[in-house]
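Undergrad: coordinates for the following, if possible.
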Amino acid sequence: MTVVAIESSTLRPSVAVWHAGRCLEVWLATEKSHASDLVPSLSTLLRRLDRKPSDVRRVVVGRGPGSYTGLRVAAATALGLSRGTGAVLAGLSSFEAWAWRELAVGERCAVLLDARAGEAYWAVLARDEADVRFEVEPSVARVEDVRALLPREIPILSAAQIEKSMRLDDDQRARLRIDSVPQASALLELALSRGERTSTDVEPLYLRAFAAKPRKR
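TA: Residues are numbered from 1 along each chain as shown. A predicted model of the protein is given here:
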């Protein structure tokens with residue numbers, strides 16, 4: 001079976017392909033380039049595994065939360081690939097893939113991303129041997145509210161700029177892990193671990209209404 005994964009919820013999008021126990025992954029250059037680079041990158045990975053698009057049997061997409069543009073591109077690409085090949089669609093929260101890759105068995109973490117406009121995306125997850133689970137489901141709230149709700153004594157997966165946007169206290173800053181992002185290969189691993197239990201919902205987790213800005217004249 002050949003499985004494709006697409007993760008573009010952050011500024012470091014990635015794509016991965018798994019076949020016969022071998023997984024290849026590539027990072028796309030930037031968030032702005034992934035719309036044009038995503039499909040060619042997938043084609044390159046498939047060729048390196050001696051596979052064709054028609055061999056793809058499953059497409060896993062990261063649902064966020066995160067970049068609106070990234071989530072839309074990932075979902076649209078996954079849908080197009082599924083319709084063109086007959087592959088089964090699967091969706092996972094990008095936070096789940098992040099925790100799956102970064103946590104050891106038995107560990108817990110908070111995940112925190114800047115949602116802009118004075119808000120933040122956050123969740124709390126726990127890892128066991130075969131899966132991760134949400135203790136607090138992904139949500140968006142004002143930064144001051146999230147700051148107060150973050151659990152103590154567990155790592156916080158985030159990005160470097162979060163310290164400034166969230167005005168974290170000394171204890172929270174000490175628990176930050178800012179050296180990773182959700183990855184397509186982690187989506188693949190978690191989806192394969194879950195098997196048929198993986199959700200078929202690929203609708204992006206926007207968590208709030210899109211606010212259009214008028215163009216400046």
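
Undergrad: domain map for this structure?
TA: 2-94+181-197, 103-177 (automatic domain parsing).

Undergrad: give me the pLDDT value at residue 86.
TA: For residue 86, the pLDDT comes out at 95.

Undergrad: got it, and residue 71?
TA: 94.

Undergrad: which stretches in this protein count as helices?
TA: Using DSSP state H, the helices of the chain run over 34-48, 68-85, 94-102, 143-149, 162-166, 170-174, 184-194.

Undergrad: need the winner for burial among those.
TA: With neighbours taken as mean count of other Cβ atoms under 10 Å, the helices of the chain reach their highest mean count in helix 94-102, at a mean of 26. No exception for glycine: its C-beta is placed from N, CA and C like everyone else's.

Undergrad: packing partners of that helix?
TA: strand 108-116, strand 119-127, strand 132-142, strand 156-157, helix 184-194 (3 or more Cβ pairs under 8 Å, 6 or more residues apart in numbering; DSSP states H and E).

Undergrad: can I get the ones you listed in a markdown table including distance to residue 102 and mean pLDDT?
TA: Output for those, formatted as a markdown table (distance: least, Cβ to Cβ, whole Å; pLDDT from 0 to 100):
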| stretch | distance to residue 102 | mean pLDDT |
| --- | --- | --- |
| strand 108-116 | 7 | 96 |
| strand 119-127 | 9 | 97 |
| strand 132-142 | 10 | 97 |
| strand 156-157 | 6 | 98 |
| helix 184-194 | 9 | 97 |
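
Undergrad: residue 173 is nearest to which of those?
TA: strand 156-157 (8.9 Å; Cβ to Cβ).

Undergrad: now do the closest one: everything it contacts.
TA: With Cβ atoms under 8 Å, 6 or more residues apart in numbering as the test, strand 156-157 has contacts from 98-99, 102, 109-112, 150, 172, 175-177, 180.

Undergrad: run the last query once more with 6 Å
TA: Strand 156-157 is contacted by residues 98, 102, 109-112, 175-177 when judged by Cβ atoms under 6 Å, 6 or more residues apart in numbering.

Undergrad: what lines up beside it in the sheet?
TA: Strand 156-157 has its sheet partners listed here by DSSP bridges as strand 108-116 (parallel), strand 176-177 (parallel).

Undergrad: what pLDDT does the residue most central in space within the chain get?
TA: Centroid-nearest residue in the chain: residue 94, 2.5 Å away (criterion: Cα atoms, centre = their mean). Looking at residue 94, its pLDDT reads 98.

Undergrad: picking up where we left off before, who wins for proximity to residue 49 among the helices and strands packed on helix 94-102?
TA: Each of the helices and strands packed on helix 94-102 has some distance to residue 49 by Cβ to Cβ; the shortest is helix 184-194, at 12.7 Å.

Undergrad: counting by contacts, list what the closest one packs against.
TA: The contact analysis (3 or more Cβ pairs under 6 Å, 6 or more residues apart in numbering; DSSP states H and E) places helix 184-194 against strand 2-7, strand 14-19, strand 22-27, strand 56-62, helix 94-102.

Undergrad: of the contacts of strand 156-157, select the buried ones using a ChimeraX command.
TA: Those of those that count as buried under 16 or more other Cβ atoms under 10 Å are selected in ChimeraX with:
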select :98,102,109,110,111,112,175,176
